[in-house]
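I'll drop the sequence and a predicted model, then ask my questions.
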Amino acid sequence: MKIIYHCYGGAHSSVTAASIHLGMLPADRVPGLKAFWEIPFYDRQEKDEHGHIFFMGLDEAGNEIYFSACRGRPLVFQNIFKGLAGIFEIPAEEYLLVDVMKNVNWTMKLGGYLSRRCGFIRVGRPIVTLGTQAAYLQVINLVRQVKKAIRCCGEENSIRQRQ
Amino acid sequence: MKKILYVSGSKFPLAGLAGAIHSGSLPAGKEPAVSALWSLPFMKLNKNNEGEIISLGEDEQGNKIFALSIKGDRALINRLIDSFISIYQRAPEELYMVDIKFRENYLLRAGQILCRSVILTPLGRTIVLAGVKKIFDSLNQLVHEQKQGKGKLP
């Protein structure tokens, strides 16, 4: 299964969620600033990469974890992805689109704007990271829900296969 | 058989119209009848289904026809489509994209706005029809070129 976390700029919340999912960030406590900065894609994506789906890694169950940026149009992103899946006859159980934007706070927006849009990385990066720390427990919760949903989906599939 | 995706950078479903001409849902070469136009599923202009890819059936050669009309963020959408093809390891030739370069005219824009109101829908539809008639020849020409294999790849 392919799991795609998406947010506005694909640089902070979606990367954080994907990292928690993959165990690159802890799922039981809020990490320090440096832990975020050591993640390969954190606060990195540029405007001209928005829409591209980046591969982040494989989780313990072999699911492929991706992240992407959809700017302010998550519904459009999801509609197009689902439409393409329809064109290529890919069943809906083979992918999961997760909108992480709901967990983004104003501190993240301000820091992200300064760092990514204005290029003031020295100022913006610490601010956006503080915001990410503030939203971290919510992101953990989202990732837990995603993992639970995948487990349920996997169990349903295995039951169907046994039947 | 190919999968052909008409893409327009407009709120009005121009790509849907082109796809309908291609698949034969709308007659090529002559202006559409009012009933034929409004019976097309994507012509429910008061619904917000931005980004939805519409399936329009097959053409006479068995190619599957799809349409996507979306305003703005074109580069992002192209990257999303390219990425999708890449992560699912599909050959890029499987999906043939036809870019509708021209924009919706002022009649289509005005008609679409009026169609959002229940009371003004009849007037809106009349204006949309006038707009469609104005653009129909260009759409026809584009579809004809695609069918003849003269269309440019994006």
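Now that the structure is in, tell me what you want to look at. Numbers count the residues shown, from 1 in each chain, chains lettered A, B, ... in the order given.

so which helix or strand takes in B:Gly124?
Using DSSP states H and E, B:Gly124 falls within helix B:121-148.

helices and strands of chain B: which one bottoms out on pLDDT?
Here the helix or strand of chain B ranked lowest by mean pLDDT, DSSP states H and E is helix B:34-38, holding a mean of 82.

just checking, what packs against that helix?
Packing contacts for helix B:34-38, counted by 3 or more C-beta pairs under 8 Å, 6 or more residues apart in numbering or on different chains; DSSP states H and E, involve helix B:121-148. (Each C-beta comes from the backbone N, C-alpha and C, glycine too.)

Number of residues surrounding the residue in chain B that chain A sits nearest to?
Closest residue of chain B to chain A, C-beta to the nearest C-beta: B:Ile53 (2.7 Å). By the measure other C-beta atoms under 10 Å in any protein chain shown, the count of residues near B:Ile53 is 23.

Return the residue spatially closest to it, with its sequence-adjacent residues excluded.
A:Gly83 (2.7 Å; C-beta to C-beta, 6 or more residues apart in numbering or on different chains).

Okay, and that neighbour sits in which element?
Using DSSP H and E, A:Gly83 maps to helix A:74-87.

can you pull the alpha-carbon coordinates of that helix into PDB?
Output in PDB follows, covering the C-alpha atoms of helix A:74-87 (Å, rounded to 0.1, in the frame of the first residue of the first chain):
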ATOM      1  CA  PRO A  74      -6.000  19.300  -0.800                       C
ATOM      2  CA  LEU A  75      -9.300  18.300  -2.300                       C
ATOM      3  CA  VAL A  76      -8.100  18.900  -5.800                       C
ATOM      4  CA  PHE A  77      -4.900  16.900  -5.000                       C
ATOM      5  CA  GLN A  78      -7.000  14.000  -3.800                       C
ATOM      6  CA  ASN A  79      -9.500  14.200  -6.700                       C
ATOM      7  CA  ILE A  80      -6.700  14.100  -9.300                       C
ATOM      8  CA  PHE A  81      -4.900  11.300  -7.500                       C
ATOM      9  CA  LYS A  82      -8.100   9.300  -7.200                       C
ATOM     10  CA  GLY A  83      -9.000  10.100 -10.900                       C
ATOM     11  CA  LEU A  84      -5.600   8.900 -12.000                       C
ATOM     12  CA  ALA A  85      -6.000   5.700  -9.900                       C
ATOM     13  CA  GLY A  86      -9.300   5.200 -11.800                       C
ATOM     14  CA  ILE A  87      -7.600   5.700 -15.200                       C
END
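
In terms of secondary structure, what does the lengthiest helix in chain A contact?
As assigned by DSSP state H, the longest helix anywhere in chain A is helix A:121-162. Judged by 3+ C-beta pairs under 8 Å, 6+ apart, helix A:121-162 is in contact with helix A:13-22, helix A:33-37, strand A:95-99, helix A:106-112.

buried sites along stretch A:98-118?
Within stretch A:98-118, the residues scored as buried using 16 or more other C-beta atoms under 10 Å in any protein chain shown are A:98-101, A:103-104, A:107-116.
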